[in-house]
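In: Show me how the following folds:
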Amino acid sequence: MTDTDNKSIGYYLRTHIREYGMVVALVAILAFFQVLTDGIMLKPVNLTNLFLQNSYIIIMAVGMLLVIVGGHIDLSVGSVVGFVGALAAVMIVNWDLPTLFVVPACLVVGAIIGAAQGYWVAYWRIPSFIVTLAGMLVFKGLTLALLGGASVGPFPPEFQAMSSGFLPDIFAGLIEGRFNVFSMTIGVVLAALLPILGLRSRAKQAKFAAVDEPMAFFAAKHAIAGLAILYVTYLLSTYRGLPNILVIMALQIALFTFITNSTTLGRRIYALGGNEKAAKLSGINTKRLTFLTFANMGMLAALAGLVFAARLNTATPKAGLAFELDVIAAVFIGGASMSGGVGKVIGAVVGALIMGVMNNGMSIIGVGIDWQQVIKGLVLLAAVIFDVYNKNKA
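Out: Numbering: from 1, shown residues only. Next up is the predicted model:
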């Protein structure tokens with residue numbers, strides 16, 4: 001590698017420190033707790049639980065990213081999680097409706113809730129903080145009313161499978177023992193597919209402008225990502241394979257990464273958060289965009305509510321309590337800017353994983369819930385200070 005390559009890689013890393021800094025932090029935190037827990041952190045059972053326990057936070061963090069990038073915030077997501085879980089419980093357990101009807105119906109209800117809040121924010125210019133704070137209180141009350149103050153459950157197996165099920169091994173018997181060959185095959189295909197898609201994206205970008213990412217860095221990044229995918233998939237395959245919810249999250253992350261990086265809609269959301277007046281003058285329908293980001297957030301909060309209820313196997317009046325804080329913290333820790341216009345889907349996912357790894361690791365080593373909250377608060381504060389520092393430096 002030449003001195004020019006080294007300089008360009010160093011410059012690229014300095015100018016993209018927000019993007020890659022949190023990934024390095026996640027790896028460091030994982031390694032730290034792997035040592036402190038005597039190897040328990042990365043055991044297949046614990047790794048599976050880590051994904052299951054944080055699935056609903058990751059799902060909502062992706063939606064919250066778009067809201068925050070657009071220059072707004074949604075404080076109602078935790079209450080929507082509880083309300084949709086309660087609605088699903090009443091429909092399935094009390095009314096005996098089929099899961100295939102209840103799941104899409106609840107997602108539509110979530111989208112309507114988000115759209116109703118987005119309407120007041122987008123078309124009446126009421127601050128999102130106030131609208132969604134009101135929504136938080138409203139849906140907390142509606143959850144209590146819907147459940148009558150009591151828990152409702154259990155759910156049928158087909159509903160629980162959404163959160164606690166695993167991909168079946170269609171190649172069962174090829175290898176002795178409990179190794180899930182099908183899950184490992186998916187990991188291998190994904191690890192091979194990522195650099196191919198990356199090269200296609202790089203070639204497309206090169207047609208219109210110079211590619212600022214050095215080729216050596218591109219190759220190293222995809223090699224490390226591929227090895228990480230293979231390692232995690234291998235660990236999960238030695239236990240029960242890939243959880244259903246991990247597949248759902250992977251599809252969601254891929255979809256929203258494509259939307260934000262490769263579509264006009266995604267670019268317009270970033271333009272909206274970067275400078276709303278300029279976006280409006282350039283012909284972007286900023287009101288409709290804001291409306292859509294809130295409707296999307298409501299739908300994803302509903303999906304998280306279904307996943308959380310399925311994991312607990314019951315709907316409780318306190319479901320979703322303070323989830324909005326973890327979701328917002330995950331987005332900011334993942335590199336989103338408080339002023340909007342900055343942030344990536346992968347960053348939000350990494351932020352959620354950092355929160356999840358910290359929760360899991362501190363619980364294993366016996367740190368009390370009181371100190372866990374203190375440490376998480378300090379990490380969030382550090383992430384915001386880092387954001388402000390980089391802005392001032394620029």
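
In: Touching stretch 202-212 from outside, list them.
Out: By Cβ atoms under 8 Å, 6 or more residues apart in numbering, the residues outside stretch 202-212 that reach it are 12, 213, 218. From N, CA and C alone the C-beta is placed, and that goes for glycine too.

In: if we go to 7 Å?
Out: 12, 218 (Cβ atoms under 7 Å, 6 or more residues apart in numbering).

In: Output it as CSV, restricted to C-alpha atoms.
Out: As requested, C-alpha coordinates have been extracted for stretch 202-212 and formatted as CSV (Å, rounded to 0.1, in the frame of the first residue of the first chain):
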residue,chain,number,x,y,z
ARG,A,202,-19.5,1.7,-6.2
ALA,A,203,-19.5,1.3,-10.0
LYS,A,204,-22.8,3.2,-10.2
GLN,A,205,-21.5,6.0,-8.1
ALA,A,206,-18.3,6.2,-10.2
LYS,A,207,-20.4,7.0,-13.3
PHE,A,208,-21.6,10.3,-11.8
ALA,A,209,-18.8,11.4,-9.5
ALA,A,210,-15.5,10.4,-8.0
VAL,A,211,-15.7,7.7,-5.4
ASP,A,212,-14.2,9.1,-2.2
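
In: Now that stretch: buried residues?
Out: Across stretch 202-212, burial judged by 16 or more other Cβ atoms under 10 Å covers no residue at all.

In: try stretch 38-49
Out: For stretch 38-49, the neighbour count (16+ other Cβ under 10 Å) marks 41-42, 44, 46-48 as buried.

In: Quote the end-to-end distance of that stretch.
Out: By Cα to Cα, to the nearest Å, the extent of stretch 38-49 from end to end equals 17 Å.

In: for it, what is the average pLDDT?
Out: The pLDDT scores in stretch 38-49 average 93.

In: and the residue nearest the centre of the chain, what does it touch?
Out: With the centre of the chain defined as its mean C-alpha position, the nearest residue by Cα atoms, centre = their mean is I58, 2.6 Å away. Shown here is I58, whose contacts under the criterion Cβ under 7 Å, 6+ apart are 249, 349, 352.

In: buried residues in the strand or helix carrying I248?
Out: Secondary structure assigned from DSSP states H and E places I248 in helix 244-262. By neighbour count on 16+ other Cβ under 10 Å, the buried set for helix 244-262 is 244-246, 248-249, 252-253, 256-257, 259-260.
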